[in-house]
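In: sequence first, then the predicted structure, then my questions.
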Amino acid sequence: MSLKTEKTDFSPPSLSWRFVSVWRRNFLVWRKLAIPSILGNLADPAFYMLGLGYGLGSLLPEVAGVPYMTFLAAGTLCYSTMNSATFESLYSAFSRMHVQKTWDAMLNAPLELDDVMLGELAWATSKSVLSGVAILAIILALGLADSWLLLWTLPLLVLIGFCFTGLALVMNALSPNYDFFMYYFTLAITPMVLLCGVFYPVEQLPAFLQAVANWLPLTHAIGLARPLVQGEWPQQILAHIGVLLAYGSAGFYLALVLVRRRLLK
Amino acid sequence: MSLNAKAVLSATGLRKSYGASEVVAGLDLALVSGECFGLLGPNGAGKTTTLRLLLGLTRPDGGTISLLGLPVPEKAREARLKVGVVPQVDSLDPDFTVTENLLVYGRYFGLKDHEIQARIPALLEFAELEGKAEASIESLSGGMKRRLTLARALVNDPDVIFLDEPTTGLDPQARHMMWQRLRRLLGEGKTILLTTHFMEEAERLCDRLLIMDKGVAVTTGAPRDLIAEHIEPHVVEIYGDEVKSNCAGLCQRQEQVGETLFCYAADPHDLLAQLQQQCELRYLHRPSNLEDVFLKLTGRELRE
């Protein structure tokens, strides 16, 4: 009698402002624990930056034409944002989905799984941007950047957060338990931290590892962030943005398909 | 069809399979406004899957569902605006206080903060949690958590309330308190769909119920009618090894289960007279109840 378009597990995400209530739920939890959370955002990467920057930096004349601390700043900015998005979308989202049954409670209300997932995406992205902003504050406090171009890192942080949240949500959708996430850290996050130019230029690597690095999203995040921190316009802006958007979007869509199959069966 | 026409919630020919096993295999049900409807069945009968289908949380393989006049799953989200759900597994937010749980849940319905705040005192009063407004979830007893979950399900002033085993794990005091609250809701005109393993609960609360097994309805009707239809009015349970043949002829039907003999009788007078002479025997005489119906229709073997 009526034409209805059947929704399937593979339907595109249905986007609606309803995700805001999910975001606000997570924000309210975060607000209660804001001080330790911000401290964690600041302290860990700050010690990396200061320790390696001063310690290792004093042994190096310059890296890629700038003091090592400056070089390291952009890398830290990106990997810290990546880490924050990843942790939130793995451990925290998994406890909401699987352990605390928070998602189930939401699905009994007039929210759809797509709303919940979009809320999680927006939330983990927000939280990772906050981590990035904490690093920016350190960069400014140490006087490592003095160009207005640094402001462009703000939208870049959103893009980095989106990219790595999308990817991590795939792991969340697949995971039977918390231990599963070690695979992702060992096989994806750690290689990226070590190969994608956080601590040294990718050009220092042998050709085949450079080729690998070029496929990894963190390389492209750093490709944009490093020039901006150093007060220059990046090269190949659209290509870098395209890679980050592609990883994030493909990840989010795949995560949505997987989580529909997991929870709506 | 007349029942379906004025139904608040109806399903016809509902089917759902997982792999080769058909968990819901052609189920029909209809709830009229203001009634308490019980969905009973042993573990694995398909109750929880049925609830998920009715709420639009999973797509049926066949059949049609209408919830508050809206087709499910197509318009399930819109229908859930006027539905409250008390799930089987506790899903309260452990990071929040009692009040925050209600506030955050109300936001999922698109309610404004001031609207929810205005409702919270009445919800706390309903759940008898007035003194616990700022308490953490962890500090609540099992009964308090259940009542808060019920209050949470009322935050949107629903027309229909789904309760999946609302009193499992509660002590008798907490269970009676829960029953009182549910009766109060029925008094306010709410429609309730309830699953439970407690036949006593179903008998006390439900206007009508449906017993399902292996995905299909075994029987449906009012508790009293079902008992009258399926079981003799009196049951005498006799315990011990040596009771086997004593009672044949003194009751309509008897059933040996382990060391217990169940005798079903229209008039238990002669049977009781004989039992009183055998003072070594322990026995219990009681009216037949819904549990007798349930066990007769779904069998006694364990479902695990």
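Out: Noted; the coordinates are in hand.
In: flag every residue of the stretch 1-150 of chain B that's near chain A.
Out: Taking C-beta under 8 Å from any C-beta of the partner chain as the contact definition, the stretch 1-150 of chain B meets chain A at B:18, B:55, B:57-59, B:73-74, B:77-78, B:80-81, B:85, B:87, B:89-96, B:100, B:104-105, B:107-110. For every residue, glycine as well, the C-beta is placed using N, CA and C.
In: narrow these to just the buried residues.
Out: Buried by 16 or more other C-beta atoms under 10 Å in any protein chain shown: B:55, B:57-59, B:73-74, B:77-78, B:80-81, B:85, B:87, B:90-93, B:95-96, B:100, B:104-105, B:107-110, out of the residues of the stretch 1-150 of chain B next to chain A.
In: grab the longest helix from the chain for me.
Out: In the absence of a named chain, chain A is used. Among the elements of type helix in chain A, defined by DSSP state H, the one spanning the most residues is helix A:113-141.
In: let me rephrase: I mean chain B.
Out: Longest helix in chain B, counting by DSSP H: helix B:172-187.
In: I'd like the mean pLDDT over that helix, please.
Out: Taken as a whole, helix B:172-187 has a mean pLDDT of 95.
In: that helix: how far from the chain's middle?
Out: Put simply, helix B:172-187 sits 13 Å off its chain's centre (C-alpha atoms, centre = their mean, to the nearest Å).
In: sketch out the low-pLDDT regions of the stretch 101-250 of chain A for me.
Out: For the stretch 101-250 of chain A, no stretch is flagged by pLDDT under 70.
In: get me the contact residues on it for chain B.
Out: If contact is defined as C-beta under 8 Å from any C-beta, the residues of the stretch 101-250 of chain A in contact with chain B are A:101-102, A:104-112.
In: just checking, which of these belong to helices?
Out: Counted as lying in helices by DSSP H, out of those, are A:102, A:104-108.
In: hmm, which of these are the buried ones?
Out: If we count by 16+ other C-beta under 10 Å, these have these buried: A:102, A:104-108.
In: closest one of the residues you listed to residue A:171?
Out: For these, the minimum distance to residue A:171 (C-beta to C-beta) is 18.4 Å, reached by residue A:102.
In: now the nearest residue to the closest one once chain neighbours are set aside: how far from residue A:123?
Out: Counting by C-beta to C-beta, 6 or more residues apart in numbering or on different chains, residue A:96 is the residue found nearest to residue A:102 once chain neighbours are left out, at 4.1 Å. Between residue A:96 and residue A:123 the computed distance is 10 Å (C-beta to C-beta, to the nearest Å).
In: now do the contacts for residue B:7.
Out: Residues counted as contacts of residue B:7 (C-beta atoms under 8 Å, 6 or more residues apart in numbering or on different chains) are B:30-32, B:66.
In: 7 Å - rerun?
Out: Shown here is residue B:7, whose contacts under the criterion C-beta atoms under 7 Å, 6 or more residues apart in numbering or on different chains are B:30-32.
In: tell me which of these is nearest to chain A?
Out: For the contacts of residue B:7, the minimum distance to chain A (C-beta to the nearest C-beta) is 17.7 Å, reached by residue B:31.
In: burial check on that closest one, number of neighbours?
Out: The burial count assigned to residue B:31 is 23, neighbours taken as other C-beta atoms under 10 Å in any protein chain shown.
In: for stretch B:37-54, give the mean pLDDT please.
Out: Regarding stretch B:37-54, the rounded mean pLDDT is 94.
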